[in-house]
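1. fold the stuff below for me.
(one chain, ligands or ions: 3)
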Amino acid sequence: MADDSIAVVDLERCQPDRCNYECKNFCPPNRTGKECITLRGEDAMEGKPDQVRISEEICLGETCGICVEKCPFDAIEIINLPQELSEEPAHRYGENAFSLYGLPAPEEGRVTGILGPNGIGKTTAVRILAGEMHPNLGDYGREPEWSDILDRYRGTELQDYLRDLRDGDVKVARKPQYVDQIPKQFDGKTRTLLESADERGVIERLAERLSITPVLDQDIDSLSGGELQRVALAATLARDADFYFLDEVTPYLDIGQRVTAARLIRELAEEGDRSMLVVEHDLAILDLLADNLHLAYGEPGAYGVITKPKSVRNGINEYLKGYLENENMRIRPKAITFEEHAPRTVDEGDVLAEYPDLSMSYGEGEFSLDVDAGQIHENEVLGIVGPNGIGKSTFAKLLNGALEPTEGDVDFELDISYKPQYIEIDKQMRVDVFLSSITDQFGSSYWDTEIAQPLQLHRIMEQNLDDLSGGERQRVAIAACLSEDADLYLLDEPSAHLDVEQRVQATRAIRRYAESQDATVMVIDHDIYMIDLLADRLMVFDGEPAHHGHAGTPQGMRSGMNEFLANLDVTFRRDERTKRPRVNKPDSQLDRQQKSQGEYYYAP
Ligand code: ADP
Ligand code: ADP
Ligand code: SF4
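-> Numbers count the residues shown, from 1 in each chain. Ligands and ions are numbered 1, 2, ... in the order given. Reported below is the predicted structural model:
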């Protein structure tokens with residue numbers, strides 16, 4: 001076939017004992033006697049002998065695609081690579097396996113970001129840069145030689161880095177993506193874990209900055225996700241390394257904590273000769289954090305391309321636009337756009353619930369919450385913002401009658417479908433069985449187009465819940481929450497572990513669901529772009545986390561954002577070209593000007 005095509009067989013999906021080799025039987029070259037699709041055989045380097053291999057020389061390419069359609073398990077992908085992609089891959093995992101094109105280039109004293117979907121090869125790239133595996137330059141049959149690798153990257157930004165890596169001169173520190181796994185790998189006190197990582201003697205100071213001092217003497221398995229995230233960050237930054245790799249620092253952190261994390265990472269880079277590489281899907285934070293940016297695009301699971309570095313501003317703008325200028329490459333049919341102005345007053349729907357001023361306390365000296373009277377409308381998406389531990393879940397429990405206020409009356413009881421922040425659905429149960437146990441609508445064309453498709457559930461329906469990645473689990477949990485029959489849908493941090501595309505898709509699914517089902521949805525999230533794209537109105541929580549919270553009355557987006565960001569002391573300006581909100585430098589001219597005008601987000 002055209003030599004710019006690849007065939008990818010997902011060996012976890014290819015199940016010859018459950019099919020009749022439809023791929024092989026219907027493949028046109030096979031039908032004329034050629035050996036295009038064959039069995040791997042006993043001497044195969046990967047997979048089982050009865051799984052298939054596809055000859056990329058003989059295959060006719062994407063325009064044929066018959067095997068892709070015929071395979072009952074969606075195990076095959078035939079993809080025409082973009083013509084612009086002239087180089088050979090940096091790495092290919094094997095025959096008919098994932099290939100990675102391009103590598104990010106860490107730079108001393110700088111924070112380099114990678115932005116792209118899940119499954120596109122970011123971790124593969126990092127494993128190469130961490131020296132855990134050698135790039136085979138696409139020749140998977142052979143152990144790569146350092147001399148070939150260095151030849152290939154001579155004259156590029158990576159040359160010096162790879163030479164140091166070969167010489168064993170690169171010491172690496174990594175923060176894993178899924179911090180929920182830490183208690184499974186480490187048993188003991190937080191302090192013990194941090195002390196074992198403290199090569200720079202900075203743990204006390206980092207703990208102070210990240211506000212984890214109070215949990216130092218707690219057992220790791222008693223920490224919340226947000227605490228684990230900060231402990232993992234502290235443990236990574238305390239190492240004395242040359243190359244730091246941080247895979248998603250924002251999940252479970254509130255905005256204040258995100259900004260602190262970003263500042264700590266920047267400070268360490270600015271100390272001089274250390275390189276930082278970060279993968280991050282919260283674009284406002286990525287913008288604040290990185291000095292330059294590689295975009296990653298391709299076909300998740302099949303191939304990924306890491307672009308040359310771009311400025312952070314251009315990189316994010318091009319990503320949102322869906323078109324990469326230097327690469328001349330469209331990565332999405334439509335741009336993701338932000339409204340420049342706050343929505344004018346929304347059509348106020350009927351009132352779903354009206355509550356008076358409320359107070360509630362968990363007991364003498366324990367957390368207490370004051371709620372200002374308010375109304376929740378039918379058919380709206382109400383965004384909820386505020387720090388962690390400020391009483392957002394407590395408020396939800398007042399609405400559904402699980403808690404009684406100590407002052408004021410809630411004279412209704414709403415049936416709430418709730419997606420918690422930390423998702424614990426580690427059951428040995430298939431995704432389709434789980435979802436069909438929640439709704440009769442499962443499998444209907446409505447459910448399919450409104451829920452399953454935007455949340456990309458089809459490819460994971462047959463997997464077990466406990467085999468899912470963090471992002472997959474999140475999508476199943478959002479679907480499960482929206483599929484319940486309820487008066488009010490409450491989603492706590494739906495963005496966690498979703499990549500940017502998935503955040504946009506999930507936003508669409510949630511909005512459309514609210515509109516078409518006349519449903520009321522409340523969304524707690526710390527990704528400010530997600531809240532901006534999602535919410536009609538805003539409810540702002542403030543106070544002193546873990547001690548006392550105050551819930552403001554639901555209000556319009558403009559005044560809500562102003563109140564929320566004033567609490568945080570952060571202002572946003574608009575990118576001139578795309579109107580995307582960008583965090584202002586503290587005390588810059590715009591920052592001061594906007595603060596004096598009281599316009600923190602929708603600045604003119
Ligand atoms: P990301 O970090 O962008 O989510 P990864 O680098 O983890 O992506 O994975 C990219 C692709 O490479 C995935 O589709 C994954 O299935 C595949 N992959 C990862 N490790 C291996 C391996 N050892 N053998 C074959 N394929 C792999
Ligand atoms: P958020 O949802 O904003 O993160 P929560 O409403 O979950 O906040 O919790 C607010 C505070 O109340 C936290 O400090 C939490 O530890 C405390 N809290 C929650 N439940 C209880 C309880 N049953 N007894 C005592 N304190 C509690
Ligand atoms: Fe055969 Fe290639 Fe067509 Fe698949 S896409 S049926 S391998 S020619």
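
2. use CA for all of it now, contacts and neighbours both
-> Will do.

3. burial check on the closest residue in space to Val431 that isn't next to it in sequence, number of neighbours?
-> Spatially, and ignoring its direct neighbours in sequence, Val431 is nearest to Met461 (4.9 Å; C-alpha to C-alpha, 6 or more residues apart in numbering). Look at Met461: counted by other C-alpha atoms under 10 Å, it has 17 neighbours.

4. now Tyr513
-> Using other C-alpha under 10 Å: Tyr513 sits among 21 other residues.

5. and for Asp148?
-> Number of residues near Asp148 (other C-alpha under 10 Å) recorded here: 13.

6. quick one: secondary structure of Val231?
-> Put simply, Val231 is helix when judged by DSSP: H, G, I helix; E, B strand; the rest coil.

7. how much space between it and ligand 1?
-> Taking C-alpha to the nearest ligand atom, to the nearest Å as the measure, Val231 falls 22 Å from ligand 1.

8. cool, Glu515 as well?
-> Separation of Glu515 from ligand 1 (C-alpha to the nearest ligand atom): 32 Å.

9. excluding chain neighbours, what is closest to that residue?
-> Asn379 (6.1 Å).

10. please look at the one you found and Arg511 and confirm they touch.
-> No. Using C-alpha atoms under 8 Å, Asn379 is not in contact with Arg511, being 9.5 Å away.

11. pull the number of nearby residues for the closest residue to ligand 3 within the stretch 301-450 of the chain.
-> Using C-alpha to the nearest ligand atom, Ala302 is the residue of the stretch 301-450 of the chain that sits closest to ligand 3, at 14.5 Å. A count of nearby residues for Ala302, using other C-alpha under 10 Å, gives 23.

12. wait, it sits on Glu95?
-> No. Counting by C-alpha under 8 Å, Ala302 does not reach Glu95; the two are 11.7 Å apart.

13. just to revisit the earlier point, ok, for the residue of the stretch 301-450 of the chain closest to ligand 3, nearest residue in space, not its chain neighbours?
-> Among residues not flanking Ala302 along the chain, Phe98 sits closest, at 4.7 Å (C-alpha to C-alpha, 6+ apart).

14. low-confidence ranges in the stretch 251-400 of the chain?
-> Counting by pLDDT under 70, the stretch 251-400 of the chain has low-confidence residues at 343-348.

15. now it against ligand 1: closest residue?
-> Gly301 (3.1 Å).

16. can I assume that residue sits in a helix?
-> No. Using three-state DSSP, the assignment for Gly301 is coil, not a helix.

17. next, count neighbours for Ser437.
-> 11.

18. and Gly470, by the same measure?
-> With other C-alpha under 10 Å as criterion, Gly470 counts 15.

19. and what of Glu248?
-> 20.

20. look up the closest residue to it, ignoring the ones flanking it.
-> That would be Glu280: by C-alpha to C-alpha, 6+ apart, it lies 4.8 Å from Glu248.

21. and for Phe338?
-> What sits nearest to Phe338 in space, not counting adjacent residues and going by C-alpha to C-alpha, 6+ apart, is Arg580, at 6.0 Å.

22. now that neighbour: phi and psi?
-> phi -70, psi 140 (degrees, to the nearest 10).

23. my read: it touches Ala335, true?
-> No. Between Arg580 and Ala335 there is no contact under C-alpha under 8 Å: 11.7 Å.

24. comparing those two, which shows the higher neighbour count?
-> Per other C-alpha under 10 Å, whichever of Arg580 and Ala335 has more neighbours is Arg580, with 21 against 15.

25. could you measure from the more buried one over to Ala262?
-> 20 Å (C-alpha to C-alpha, to the nearest Å).

26. following element in sequence after the strand or helix carrying Ala509, please.
-> Ala509 belongs to helix 500-516 when elements are defined using DSSP states H and E. Downstream of helix 500-516, the next assigned helix or strand under DSSP H and E is strand 520-524.

27. that following strand - contacts with which helices or strands?
-> strand 381-385, strand 488-492, helix 500-516 (3 or more C-alpha pairs under 8 Å, 6 or more residues apart in numbering; DSSP states H and E).

28. out of the ones you listed, the one nearest Arg166 is which?
-> Of all the helices and strands packed on strand 520-524, helix 500-516 sits nearest to Arg166, with 34.3 Å by C-alpha to C-alpha.

29. hang on, the earlier thing: what about the residue nearest to Glu248, how many residues nearby?
-> Counted with other C-alpha under 10 Å, Glu280 comes out at 25.

30. does it touch Asp247 like I think?
-> Yes. Between Glu280 and Asp247 there is a contact under C-alpha under 8 Å: 6.9 Å.

31. dihedrals phi and psi, Leu39?
-> Torsion angles, degrees, to the nearest 10, at Leu39: phi -80, psi 150.

32. what are the boundaries of the strands in the stretch 351-500 of the chain?
-> 351-355, 358-361, 368-371, 374-377, 381-385, 416-419, 488-492 (DSSP state E, counting those that start in this stretch).

33. identify the residues contacting the fifth one?
-> Outside strand 381-385, the residues within contact range by C-alpha atoms under 8 Å, 6 or more residues apart in numbering are 376, 392, 511, 514, 520-526, 531, 534-541, 554, 564.

34. related to what we said a few turns ago, distance to ligand 2 for the helices and strands packed on strand 520-524 - can I get that in CSV?
-> As requested, the helices and strands packed on strand 520-524 are arranged in CSV below (distance: least, C-alpha to the nearest ligand atom, whole Å):
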stretch, distance to ligand 2
strand 381-385, 9
strand 488-492, 8
helix 500-516, 20
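
35. of all the ones you listed, which one is nearest Arg205?
-> Closest approach to Arg205 among these (C-alpha to C-alpha): strand 381-385, 28.2 Å.

36. Val8: neighbouring residues, count only.
-> When neighbours are defined as other C-alpha under 10 Å, Val8 has 24 of them.

37. meant to ask about Arg18
-> If you count neighbours by other C-alpha under 10 Å, Arg18 ends up with 9.

38. and if you look at Val259?
-> Using other C-alpha under 10 Å, Val259 has 18 other residues around it.

39. contacting residues around it?
-> Contacts of Val259 (C-alpha under 8 Å, 6+ apart): Ile285.

40. what about it, distance to ligand 2?
-> In terms of C-alpha to the nearest ligand atom, Val259 sits 18 Å off from ligand 2.

41. and what of Gln83?
-> Look at Gln83 and ligand 2: by C-alpha to the nearest ligand atom, they are 49 Å apart.

42. how about Lys122?
-> Distance from Lys122 to ligand 2, by C-alpha to the nearest ligand atom: 31 Å.

43. so what's that residue up against?
-> 114, 279, 296.

44. just checking: what are the partner strands of the host helix or strand of the last one?
-> Per DSSP H and E: Ala296 is located in strand 292-299. Next to strand 292-299 in the sheet, as set by DSSP bridges, lie strand 111-115 (parallel), strand 303-306 (antiparallel), strand 310-311 (antiparallel).
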